[in-house]
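Colleague: 3D model of this:
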Amino acid sequence: MLSPTKKTIITLGSLTVVFLILTFWKEPWLMSISWLFPSLDTKLDKVIYDMAPFSQLVLEHGVLVLVSSGLATGIGLATGIAVTRSWGRDFLPAVSALASMGQTFPPVAVLAIAVPVVGFGFKPTIIALFLYGLLPILRNTITGIDAVASDVLEAAYGMGMTPYQVLRQVEIPLAMPVILAGIRISTVINIGTATLGATIGAGGLGKPIIAGLISENPAFVIEGAILVGLFAIIVDTALGMLAVKTGSEV
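Modeller: Got it, this is the predicted structure:
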């Protein structure tokens, strides 16, 4: 009988294979599963988005998510650690309020504000995704570190550890499962939200979705949506496995 870990690995591998096949398949694969979508008009002249190869769109989408999530992770972790130190506690309410405000604004509104400042394309999309993905990482970093038991910290200091050693060897390892959960949520949010970047020329898997909405072609919309959904599920599953492994090691 397979263990839960092996089942998850098999599921992740299967989803990845399907994702790669749909990404590089040149034929209109959507028509073979058109029975799943009764509203799909099989008489459409164009049933596969061919204005750009899906491999290029996936790469563009991945870069958007990687850069924005990387920035959010780095700044969220650093800020979360800073406000949990004795010298940074006074800034905790202000930092939490600013991060919450960043997620309160809809990404479309952030794009509308950023475009006149930095122009169209990659930069405003990264700004919007960064602001939208920062809160879960920051909040979970603070929660995870604050949840470390005080007697554990006292024992660490009693062994002669410095504050830096306690942070690196005790607090962060114990808080890592909670921190990874925040990174997981933030990254999955960004995968879905990154589709909006196509409206201002950032590319990605939002291109066929937007093109399908404009041309009233449901095939384009479904193709883009299926790939975005698979992308999100694969990343979520992989990060979930990492969180479980980290928790078991701790």
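Colleague: if I read this right, Ala211 contacts Met51, doesn't it?
Modeller: Yes. Using C-beta atoms under 8 Å, Ala211 is in contact with Met51, at 6.8 Å. (C-beta placed from N, C-alpha, C; glycine too.)
Colleague: These two: who's more crowded?
Modeller: Ala211 (19 against 10; other C-beta atoms under 10 Å).
Colleague: Quick check: the more buried one vs Ala155, distance?
Modeller: Look at Ala211 and Ala155: by C-beta to C-beta, to the nearest Å, they are 60 Å apart.
Colleague: for whichever strand or helix holds Ile172, what is the average pLDDT?
Modeller: Per DSSP states H and E, Ile172 falls inside helix 172-193. Averaging pLDDT along helix 172-193 gives 92.
Colleague: That one packs against which elements?
Modeller: helix 54-83, helix 122-146, helix 218-249 (3 or more C-beta pairs under 8 Å, 6 or more residues apart in numbering; DSSP states H and E).
Colleague: so which of these is the most packed in?
Modeller: Stretch with highest mean neighbour count among these: helix 122-146 (a mean of 23; mean count of other C-beta atoms under 10 Å).
Colleague: what helix or strand does the nearest residue to Phe122 once chain neighbours are set aside sit in?
Modeller: Distances taken as C-beta to C-beta, 6 or more residues apart in numbering put Ala202 closest to Phe122, at 5.5 Å, once the chain neighbours are dropped. Assessed by DSSP H and E, Ala202 sits outside every helix and strand.
Colleague: ok, Ala202 - contacts?
Modeller: Counting by C-beta atoms under 8 Å, 6 or more residues apart in numbering, Ala202 touches 60, 64, 120-122, 124-125, 194.
Colleague: let's see it at 7 Å
Modeller: The contact partners of Ala202, by C-beta atoms under 7 Å, 6 or more residues apart in numbering, come to 64, 121-122, 125.
Colleague: out of the residues you listed, who's nearest Pro163?
Modeller: Using C-beta to C-beta, Leu64 is the member of these that lies nearest Pro163, at 37.2 Å.
Colleague: my guess is the closest one meets Thr193, correct?
Modeller: No. With contact defined as C-beta atoms under 7 Å, Leu64 does not reach Thr193; the gap is 9.4 Å.
Colleague: Quick check: neighbours shared by those two?
Modeller: Common neighbours of Leu64 and Thr193, counting by C-beta under 7 Å, 6+ apart, are Leu129.
Colleague: Show me what whatever helix or strand comes next after the helix holding Ile172 packs onto, helices and strands only.
Modeller: Scanning forward in sequence from helix 172-193 by DSSP H and E, the next helix or strand is helix 206-215. Judged by 3 or more C-beta pairs under 7 Å, 6 or more residues apart in numbering; DSSP states H and E, helix 206-215 is in contact with helix 218-249.
Colleague: Please name every helix or strand in contact with the helix it packs on.
Modeller: helix 4-24, helix 54-83, helix 172-193, helix 206-215.
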